[in-house]
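Q: next comes the sequence, and after it the predicted model I'd like to discuss.
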Amino acid sequence: MLLFFMAACAPQAELVKTRTDMNDLREDVKTMKGRVQEMQRREQDLQKRIDALDTGAKGASETQKALADYGARADQLAMDIQLLQGKLEENNFRMSELGQKLDDRGVKLAELSARVEELEKKTSGTGAAVTGQTVTAKPAEAKTIEPSDAYRQAKSDYDKGNFELALAGFQYYVEHFPGTSQTDKAQYWIGECYYSLKVFNKSIAAFSKVIKEYPKSDKVAGAKLKIGLSYLNERNPAKAKEYLQRVIKEHPGTTEAKIAKDRLAKIK
């Protein structure tokens, strides 16, 4: 029993360390996002100054030098933003990996705790104490798949075009691993599976669930966009416009907003 408790302590320590790493990484990502936004504002200000100088240049040499200087500074700022965004993407990827490790260790810890409780119940019975017999407790069966493996397999099926298989995999993930780091993404991919299968009423329901249950997810903008596109496929331009306009208004500057603007322009 002592060895079993010692084994159970290892995942707990790993869990604490992973949570600490996740918190540190979240702070780094938050700081870097702020820096990117600030640098983007500076880039926009510089561009406005360049445009103003360009308009009133009229061949003056000092103005031309200032224009060249501003242009060089704008180019350097754009490069700095690009590098920072690359680092931000790398940190987001690392955070996703850490989140999945945290999910796996949390599940293992829960399973070990359940096994400990079962052993305690079976070894604390009065019958064993009276007869002196050894009680052999059968451990609770562990899950056959970890959260990260379940998500990875479902995504692999989706990428291969096996949408029905992927749908079952993502639904399994949402059902068996609620509240983990990839649950919001799994719910989003359920919507994508239905969208790819052209079952648009169910894709709308799945994407709506992302918006309602995971409002802070980075998949919310994509979910709103796909709801709009689903309504377009269902020949409901009014609802399509509503959601495409929401993407543009609520998520400005994103890739989703650009796509929404383009699709909105094509709706008659």
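A: Thanks, I have the structure now.

Q: contacting residues around residue 210?
A: Residue 210 sits next to 184, 187-188, 191, 217, 219-220, 223 when contact means CB atoms under 8 Å, 6 or more residues apart in numbering. Placement of C-beta: from N, CA and C, glycine included.

Q: ditto for residue 230
A: Applying CB under 8 Å, 6+ apart, the residues contacting residue 230 are 195, 200, 203-204, 207.

Q: who's in contact with stretch 247-256?
A: Residues from elsewhere that reach stretch 247-256 (CB under 8 Å, 6+ apart): 220-222, 224-225, 228, 257, 260-261, 264.

Q: do stretch 188-196 as well
A: Contact with stretch 188-196 is made by 154-155, 158, 163-164, 166-167, 170-171, 174, 200, 202-204, 206-207, 209-210, 217, 219, 222-223, 226, 229-230, as judged by CB under 8 Å, 6+ apart.

Q: could you tell me the average pLDDT over it, please?
A: Averaged across stretch 188-196, the pLDDT comes to 97.

Q: buried residues in that stretch, which are they?
A: Residues of stretch 188-196 classed as buried by neighbour count (16 or more other CB atoms under 10 Å): 188-196.

Q: quick one on the thing from earlier: just the contacts of residue 210 now: which is nearest residue 240?
A: residue 223 (14.3 Å; CB to CB).

Q: state the helix or strand in which the closest one lies.
A: Residue 223 is located in helix 220-233, with elements delineated by DSSP states H and E.

Q: got the buried residues for that helix?
A: Buried-residue list, helix 220-233, by 16+ other CB under 10 Å: 220-232.

Q: also stretch 252-268?
A: Across stretch 252-268, burial judged by 16+ other CB under 10 Å covers 254, 256-257, 259-260, 263-264.

Q: same check on stretch 148-161?
A: In stretch 148-161, counting by 16+ other CB under 10 Å, buried: 148, 150-151, 153-155, 157-158.

Q: and these as a markdown table, adding distance to residue 245?
A: As requested, the buried residues of stretch 148-161 are exported to a markdown table (distance: CB to CB, whole Å):
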| residue | distance to residue 245 |
| --- | --- |
| 148 | 37 |
| 150 | 36 |
| 151 | 32 |
| 153 | 37 |
| 154 | 32 |
| 155 | 30 |
| 157 | 34 |
| 158 | 29 |
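
Q: save those as CSV, and put in distance to residue 242 and pLDDT too.
A: Formatted as CSV, those follow (distance: CB to CB, whole Å; pLDDT from 0 to 100):
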residue, distance to residue 242, pLDDT
148, 37, 87
150, 35, 91
151, 31, 93
153, 36, 93
154, 30, 94
155, 30, 93
157, 32, 94
158, 28, 95
